[in-house]
Structures are given as structure tokens and as C-alpha cells.
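Undergrad: how would this look folded up:
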Amino acid sequence: MNTRASLIFALAATLVLSVLVASTAFAASDDPARRTALDASKAEAATLLEKGKAAEAYDLYMRLVRIKPDDDAVNLGLARAATRATRWNQAVMAYEMLLEKYPREAGLYGELANVYMLLGDRTSAERSLAMMRSLDGSVTPEDTEKALDLLESRYSRFQAHGKISAGVLYDSNANMGPRSNTVDLGNWRGITLRDAREKDTFGGYLGAELNMGWRLEQDSPWWLVGDVHVFLRGNTENELSNNRSRESQWGRAAVGMRHLTSSTLTELRLKGEIFDYELFQNVSALGPEGTFLWTATPHVQLITRAAIDRRSYSDDSKRNGVYGWLGGYARFFFGTSNHEFIAGVRYLGASADRSDYSYDGWEASARFLFKLPYGFELGPFASITQEFYDGPATALESAKRKDSRWRVGTSLTYRIDEAWSIECRYQYTSNNSRSNLYDYDQHFITTGVAWSF
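TA: Residues are numbered from 1 along each chain as shown. Next up is the predicted model:
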């Protein structure tokens, strides 16, 4: 074979080999089994993201984007997973790659603006929202400014939220007394007590609360948190002055740390509380409280809460001691309006300086929150509590005190706008005790207005 023929043969062989290699590569990329595996991985990544497992979803999307860098669903999933996993620079790159391909997709500019605000870059966020506004004629400059202010507030390292409320009330048994001043105590019949019977009253209330948080770093899961609460109540019934309960004040302050991830919240606070009647007799408490919340699915949260404190009674030092509780709850979200249902049980315990006042107990509770049309929210609730004391309620009794208490009621809220609302609440309490002194029924009604910020 001459030289020219040899060269032609070599070129032909090379061309055939190249075609075979290309065909093999194309067949591999179009292999049904491989496509099925990729689709399964994409579905798994989307599920992880939906369940709040952002870090795991991000890792899986990063593997997928190396295999299929031009897949739009993979890139969008990567952008959203990176945002939730606090990998904001990677999220920006993913969104910008998508926008190079789809420069007229207004929604992508809105999501990118959200990431820029997480990075603290308001200028870039404003530029993204301006692009979104140019593509979506229904968005005005005022809407853009309002959205930026909202995002800046939401992603600020310092967060403060609160509420101030005021209204009127009716209490059928403000002193939680029996139906009569004459009661039977143990084997003693017809004991007459002074000012013990139930007293109904109208009144008014004023409440205020402030909850604060400071994120240690922009992308840190750690927060310094605190809260302050105040509640003042005044009654119109003059007879309540006989036992100094016509007015009452309650206050609380707490500070602690919070660890927050996409699926968990862990918090520990040190709280101080005081409940006071007419600035004359009070109960004070100091101790830690903790919360652990796990978002098992987007629709289910599991919550564990506990508190323990040292209480001091100004008018009866024998009740001083250590009081605490430990509870577990499940919260469910359902329906298109994201209604809520929460239920759980908790253990109650007290070790008082006088053993007769020590007790063990339990409580089961349930509550719905229905988000109704036209800004209404309905919250029916119920609970049952039992307390088993280590001694009798009074010196005239021999049987150990046992209380069984039912509470049922509902709240109704009408939200006028984002800040203002009208709040109504009804609660019925029935306490059945082995000691007639602590047998009582109570109807409690409040109606007021609240401003939230």
C-alpha cells in the first residue's frame, strides 16, 4: 500500500472510531437507567428541601449540577437550597446563571433580591427588584420600597416584636372562691369563713410584651434572646378590697440563648416573674426554662418544653419552694389556609417548704387555630389538670388534697390590618377539690384591641 493510500485509510479509521465513541457517549447520556437514577435523585433533593433539610438538599443538588449543569430544575433547586442552607454567595451564582438563560423571568429577580438582602446588600436587591418591576407592570416603585423595608427588617441581625393590648373584662369568680362562706371541711360541718365566697366583677386590663433577638453573626445559628411582659388588671367590685385583690400586676423578664436551624429550635432562658395584689402581697419566681422544637415535616412540629423555678410567697412562707414542669407537644398544620392544631401533656411538680403544699400532677391540653375568611381567627381550646398534694388543704381536714380542673373556651380575633386587631376570649374553669374550700366555677370574658409591631 502506497503512502497516500495509507494516509486515507488512517483518516477513515479515525473518523469511524470518533463516530463510534460519540455514539457510545450519546447512548450513555441517553441511557434510560441513567435517566431514571437522575430523576430519582432530583425527586429526593426536592423532598429534602421540602422537609426543611436544606444542607442535605444542597449537597445532593451540588452533585446533580456536576452531572447535568444545564438542567433548569437542578439549578433552581440548588439556588433555593443554597439560600436556606445560608450559602448565599452560591445562591447568587445559581440565580444569575438561571437569569442568563431566562432574563425575562420576573420571579427569579424577586428571589435573587431576597438573597441579596440576606447578604446585607440592599443596593443589589433594589436593582433586582427594579428589573422585576420592569417585567411585571403590576409592581410599583412603592411596592418595591415596601418589600425592601420588609426584607431588611426580616433579615436584620436585631429583631424586635411586641404587642400592646387593652380592654374590658368580666370575671364571675375573681377570687376563685366557693359558692358560699359556709363550707364543710373534713368532719367539720357548717364552718363560716369571712370573705371566702365567690365574687363576680367587671374590670379592665392593660398588657404589653416585647420579644427581642440579636444574631451573633449574619450567618450564625446562635441568637441572644430576651423578653419583657407586663399585665395590669383592675376590678370594679369593692368587696375584693377586703382581701386586697381588687387590683393585680404581673411582670416577667427573661434572657437567654437560642440555636436556630432550618429544622430545629433550641432555647434556654433565665426568667424572673412576679405576681402582685395591690402592691401588698406577691409571689415571685426565678429559674430557667427551655424549649426544643423539631420540624419533622413541613406540616408537623414536635415540641418539648420545661421550666423550674424557686418561688417565694410574701404572705405565706410555708409555700416557698421549687416548682416545675416538663411537657411534650405536637403541632400540626393543615388546609390551604394553614390552620393549626396543637396537643400535648405535661408533668407538674412542687416541693414546698411545708410538705402539705408539695404536689405532683399532670395536664393534657389541646387547641385549634382556624384562619377564617375576612381576617378572622378562631381558637377553641380545652385542658384537664390534676394535682395530688402531699397533705390536707387545711388543719381541719385529714384527707390529702386532690384537685381536678377543667378549662374550656375559645378566642376570636379579627385582624383589621397587619398591626391592629380586635381580640375576644371566653374561658370556663371548673375546679373539683377534695377540700370544699377549693371547689369553684369561673366564667371569664375579655374583649379588647391590640396593636402589634
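Undergrad: Helices along the chain, start to end?
TA: Using DSSP state H, the helices of the chain run over 3-29, 32-50, 54-67, 72-84, 88-101, 106-118, 122-135, 141-155.
Undergrad: Start from the N-terminal end of the stretch 201-350 of the chain and give the strands.
TA: In the stretch 201-350 of the chain, the strands defined using DSSP state E, counting those that start in this stretch lie at 201-215, 222-235, 247-260, 264-277, 281-297, 300-313, 321-334, 339-352.
Undergrad: Tabulate those strands (a markdown table), appending distance to Glu100 and mean neighbour count.
TA: Every C-beta, even on glycine, is put in place using the N, C-alpha and C of the backbone. Shown next, in a markdown table, are these (distance: least, CB to CB, whole Å; neighbours: other CB atoms under 10 Å):
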| stretch | distance to Glu100 | mean neighbour count |
| --- | --- | --- |
| strand 201-215 | 33 | 16 |
| strand 222-235 | 36 | 17 |
| strand 247-260 | 34 | 16 |
| strand 264-277 | 36 | 16 |
| strand 281-297 | 34 | 16 |
| strand 300-313 | 39 | 16 |
| strand 321-334 | 37 | 16 |
| strand 339-352 | 41 | 17 |
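Undergrad: For Ser430, find the nearest of those.
TA: With respect to Ser430, and counting by CB to CB, the nearest of the strands of the stretch 201-350 of the chain is strand 339-352 at 18.1 Å.
Undergrad: For the closest one, which strands pair with it and how are they oriented?
TA: Applying DSSP bridges, strand 339-352 is found paired with strand 321-334 (antiparallel), strand 359-371 (antiparallel).
Undergrad: Which one of the ones you listed lies nearest to Ile274?
TA: Relative to Ile274, the nearest member of the strands paired with strand 339-352 by CB to CB is strand 321-334, separated by 14.3 Å.
Undergrad: Can you tell me what sits against the closest one?
TA: Strand 321-334 is contacted from outside by 285, 287, 298-311, 339-353, 357-358, 363, using CB atoms under 8 Å, 6 or more residues apart in numbering.
Undergrad: related to what we said a few turns ago, format the strands paired with strand 339-352 as a markdown table; extra columns: mean pLDDT and distance to Glu209.
TA: Shown next, in a markdown table, are the strands paired with strand 339-352 (pLDDT from 0 to 100; distance: least, CB to CB, whole Å):
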| stretch | mean pLDDT | distance to Glu209 |
| --- | --- | --- |
| strand 321-334 | 97 | 21 |
| strand 359-371 | 98 | 19 |
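Undergrad: mind putting the ones you listed in JSON lines, distance to Leu135 included?
TA: Output for those, formatted as JSON lines (distance: least, CB to CB, whole Å):
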{"stretch": "strand 321-334", "distance to Leu135": "33"}
{"stretch": "strand 359-371", "distance to Leu135": "32"}
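Undergrad: Out of the ones you listed, which gets nearest to Tyr95?
TA: Nearest to Tyr95 among the strands paired with strand 339-352 is strand 321-334 (28.3 Å), distances taken as CB to CB.
Undergrad: just the angle between that closest one and strand 281-297, please?
TA: 40 degrees (axes from the mean of the first three to the mean of the last three CA atoms, to 10 degrees).
Undergrad: Strand 321-334 vs strand 300-313, what angle?
TA: Going by the same axes, to 10 degrees, strand 321-334 makes 160 degrees with strand 300-313.
Undergrad: Rounded mean pLDDT for stretch 377-390, please.
TA: Per-residue pLDDT values over stretch 377-390 give a mean of 98.
Undergrad: Return the set of buried residues in that stretch.
TA: 377, 379, 381-383, 385-387, 389-390 (16 or more other CB atoms under 10 Å).
Undergrad: Run through who's touching that stretch.
TA: With CB under 8 Å, 6+ apart as the test, stretch 377-390 has contacts from 348, 355-372, 400-415.
Undergrad: Can you tell me which of those are buried?
TA: 348, 356-359, 361-363, 365, 367-369, 371, 401-403, 405, 407, 409, 411-413, 415.
Undergrad: With distance to Leu437 as new columns, can the strands of the stretch 201-350 of the chain be given to me in a markdown table?
TA: Output for the strands of the stretch 201-350 of the chain, formatted as a markdown table (distance: least, CB to CB, whole Å):
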| stretch | distance to Leu437 |
| --- | --- |
| strand 201-215 | 20 |
| strand 222-235 | 21 |
| strand 247-260 | 21 |
| strand 264-277 | 19 |
| strand 281-297 | 18 |
| strand 300-313 | 17 |
| strand 321-334 | 21 |
| strand 339-352 | 18 |
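Undergrad: who wins for proximity to Gly107 among these?
TA: strand 321-334 (24.3 Å).
Undergrad: Next up, the contacts around the residue nearest to Leu260 when sequence neighbours are not counted.
TA: Excluding the flanking residues, the one nearest Leu260 by CB to CB, 6 or more residues apart in numbering is Pro221, at 5.4 Å. By CB under 8 Å, 6+ apart, Pro221 lies in contact with 259-261.
Undergrad: Could you check how far stretch 178-187 is from the centre of its chain?
TA: Remark: stretch 178-187 is offset 44 Å from the chain centroid, using CA atoms, centre = their mean, to the nearest Å.
Undergrad: cool, and stretch 331-345?
TA: Chain-centre distance of stretch 331-345: 12 Å, with CA atoms, centre = their mean.
Undergrad: Alpha carbons of it, as PDB, please.
TA: What follows is stretch 331-345 as a C-alpha-only set of coordinates in PDB (Å, rounded to 0.1, in the frame of the first residue of the first chain):
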ATOM      1  CA  ARG A 331     -48.300  20.900  66.400                       C
ATOM      2  CA  PHE A 332     -50.000  20.100  63.000                       C
ATOM      3  CA  PHE A 333     -50.600  22.500  60.100                       C
ATOM      4  CA  PHE A 334     -53.400  21.600  57.700                       C
ATOM      5  CA  GLY A 335     -55.600  23.000  55.000                       C
ATOM      6  CA  THR A 336     -54.900  25.700  52.300                       C
ATOM      7  CA  SER A 337     -55.100  28.400  55.000                       C
ATOM      8  CA  ASN A 338     -52.500  26.700  57.200                       C
ATOM      9  CA  HIS A 339     -54.800  26.100  60.200                       C
ATOM     10  CA  GLU A 340     -53.100  24.800  63.400                       C
ATOM     11  CA  PHE A 341     -53.800  22.100  65.900                       C
ATOM     12  CA  ILE A 342     -51.500  21.600  69.000                       C
ATOM     13  CA  ALA A 343     -51.900  19.000  71.700                       C
ATOM     14  CA  GLY A 344     -49.800  17.500  74.400                       C
ATOM     15  CA  VAL A 345     -49.300  16.600  78.100                       C
END
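Undergrad: The chain should start at 28 in everything you say after this.
TA: Sure thing, new numbering starts at 28, so read that last one as stretch 358-372.
Undergrad: what's near enough to touch the residue lying closest to Val476 once chain neighbours are set aside?
TA: In space, and not counting its chain neighbours, Val476 is closest to Ile449: 5.6 Å by CB to CB, 6+ apart. Counting by CB under 8 Å, 6+ apart, Ile449 touches 440-441, 443, 474-477.
Undergrad: Show me which of those are buried.
TA: 440, 475, 477.
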